[in-house]
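Q: task: produce atomic coordinates for the following.
(chains A and B)
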Amino acid sequence: MNILEELKGYFETRLNECKTNQELNKHQIAAYTAYLEKLDAIHDDDYGKVAEAIGEMFLIARAEQRDRYESLKRIKTLFGDREGVKAEQIMIDAVQASSNHTELYSNISRAKDDAGILIQNTHRALELIVKLITRCVEYHVSCKSRKQKRKAEVVAIWNELQQCDPEITVDKIMMHKPYRRVIPFDNERLSLILSWLGEVLQ
Amino acid sequence: MDDTIKQMLSGYQTALAAYKQKLGESHAKLMKAYDIYAKLCKKAELLNDAMTFYSDKEVSTSMADMSALLVELAQEKQDTSLATIPSVDQVAAAYHIAYEQLPMEMKKTRSVYERIFEIEKQSQNALTFLRTMADEKIFLKLSIMQQLEQLEGKKEEAQRNSNPVMVNYYEKMEAKIPNVMSIAELEYYANLESEIAIYQNWWDILLLNTSVTLLCNAIAGWLLTQSEDDREEVENAYRFIAYFYGIDMDELFAVPRFKDHVVKVISKSVNNSNSMESAEALISQFKNAIQACMNGRDPVKRGPAKNQTLILWEREAPLQALEEAYKTNVYKTL
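A: Numbering: from 1, shown residues only, chains lettered A, B, ... in the order given. Modelled structure (predicted):
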């Protein structure tokens, strides 16, 4: 068995698989290419030298993680989810700051805590927007004797939403794309609902 | 010895053995780590239960030292004169563990694993094993097959539960997964579709909350109490819906998305059946209740015809064709 040929064959096959989508596999392509260049510089079939050149294939492990979080960041950008983008950037920075396998996995697991809070917050804000609009409509259709109770329910959700998104305003609900994307109504109908919200918050 | 302590010590042992192979047994830091390991083993023999063990001062200092050393050892460069080609069973071990945990019904995924074990038998060492695995695209096949089998039956379940958003999600995944060319692509589509589903699910919930659910809840309250307060709420909810969606009650219960929800969710919870007959009976009961609540009142005023169109992903979504909008709007916008 020719050690160099086997390993090169393996890297080349994985590289070709990655090249089927250059954008999503950008860092893996760079890592496989770097290892192939290192192997090209070795001229005898000594595993010690090969091991020295490729180590524990750390560059590939890091590149896989980098591509994974870059791809998640791309999705969050597509959705206009600013907090989500920040979260994925935290993950990317943690991956990039790693220089060996142990560091890579401990950095990722640490960063997941911070990123997770941002992601949960974004999803929670969407849920609260849906609840807020629902409560506003329930308030509007409520019978006179239940108006105060329904009003209190709207206020409770609004307070929760403020904790989740400190920048929340009536205008933000109208303008912020991620919020608008969970609301089925055009500007005219949403303005009407938001006028009920204004009535409650006065 | 307590099981958790045993597990922890065996974790240290495995890590140290790997570093021994990588750095050689005379490596100073490794020798220090082995000393700490021996100290911990002794302590574990002396202290019977986990609580006494972990609260021992010497144990906690040793564990902190061990953690620090393991981080340092990870950063040490390999002594390449010691390097030997890893054996095939070393790299294939993880596949055996995963295979044992795989449900029996995931037959196609199991057969990919069985092919891995054939390759394992035919391989001289880890290098030839990995090469064949790559040549046969086993890494990608495994991910594809596992995802596809996990999706089996899910679309039908979503249909039964009146969840068109998830029906779309499963349809898109079933169509995309078999055609992906790399694992990164597979992950990208899975994440993208799941993000789309999160938004569309909330949209769908809000639509139902402000239409059929709103009205049906009000009707249920009135049927129970026949009070003026509850009658007023049925009237208000109906007026709101008539304006907001530009439809009367006959049109409301005929909107395919709303009717599907009434048949498969509301009727099922009320009648414990999702047959069309019992759903139709329930709908007619709802309509009678609305008529009774509106008796002697001004007729509802429908909103303009344009209100029969909603906005999904910044695009028009006609009430009559929401299933289609869930399948197409997002892909035109993003």
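Q: helices of chain A, residue ranges please.
A: Secondary structure of chain A by DSSP state H: the helices cover A:3-19, A:26-40, A:47-54, A:58-78, A:82-96, A:101-141, A:147-164, A:170-175, A:177-180, A:187-201.
Q: send me the shortest one as PDB with only the CA atoms.
A: Right, helix A:177-180. Output in PDB follows, covering the C-alpha atoms of helix A:177-180 (Å, rounded to 0.1, in the frame of the first residue of the first chain):
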ATOM      1  CA  LYS A 177     -39.200  42.500   8.400                       C
ATOM      2  CA  PRO A 178     -38.900  39.500  10.700                       C
ATOM      3  CA  TYR A 179     -42.000  40.700  12.700                       C
ATOM      4  CA  ARG A 180     -44.000  41.500   9.500                       C
END
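Q: lowest average confidence across helices and strands of chain A, where is it?
A: Taking mean pLDDT, DSSP states H and E as the measure, chain A has helix A:47-54 as its least confident helix or strand, at a mean of 85.
Q: out of the helices of chain A, which gets the lowest mean score?
A: Among those, helix A:47-54 has the lowest mean pLDDT, at a mean of 85.
Q: could I get the buried residue list for that helix?
A: Across helix A:47-54, burial judged by 16 or more other C-beta atoms under 10 Å in any protein chain shown covers A:47, A:49-54. All C-beta spots, glycine's among them, are computed from the backbone N, C-alpha and C.
Q: now do stretch B:155-166
A: Across stretch B:155-166, burial judged by 16+ other C-beta under 10 Å covers B:155, B:158, B:162-166.
Q: do stretch B:222-240 as well
A: Going by neighbour count (16+ other C-beta under 10 Å), the buried part of stretch B:222-240 is B:222, B:230-240.
Q: which of these fall in helices?
A: Using DSSP H, these in helices are B:222, B:230-240.
Q: which among the residues you listed gets closest to A:E12?
A: A:E12 lies nearest to B:F240 out of those, by C-beta to C-beta, at 64.6 Å.
Q: tell me the pLDDT of that closest one.
A: Per the predicted model, pLDDT is 98 at B:F240.
Q: now it, nearest residue through space, not along the chain?
A: Nearest non-adjacent residue to B:F240, counting by C-beta to C-beta, 6 or more residues apart in numbering or on different chains: A:V141, 5.1 Å away.
Q: domain ranges for chain A?
A: If you go by automatic domain parsing, the domain ranges for chain A are A:3-122, A:124-201.
Q: got the CA positions of the helix or strand harbouring B:A279 in CSV?
A: Taking DSSP states H and E as the criterion, B:A279 maps to helix B:276-294. Output in CSV follows, covering the C-alpha atoms of helix B:276-294 (Å, rounded to 0.1, in the frame of the first residue of the first chain):
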residue,chain,number,x,y,z
MET,B,276,-66.7,15.1,7.2
GLU,B,277,-70.2,14.4,8.4
SER,B,278,-69.5,15.4,12.1
ALA,B,279,-67.5,18.4,10.9
GLU,B,280,-70.4,19.6,8.7
ALA,B,281,-72.8,19.1,11.6
LEU,B,282,-70.5,21.2,13.8
ILE,B,283,-70.2,23.9,11.2
SER,B,284,-73.9,24.1,10.8
GLN,B,285,-74.2,24.3,14.6
PHE,B,286,-71.7,27.2,14.6
LYS,B,287,-73.7,29.0,11.9
ASN,B,288,-77.0,28.6,13.8
ALA,B,289,-75.3,30.1,16.8
ILE,B,290,-74.0,33.0,14.9
GLN,B,291,-77.5,33.6,13.4
ALA,B,292,-79.0,33.5,16.9
CYS,B,293,-76.4,35.9,18.2
MET,B,294,-77.0,38.3,15.3
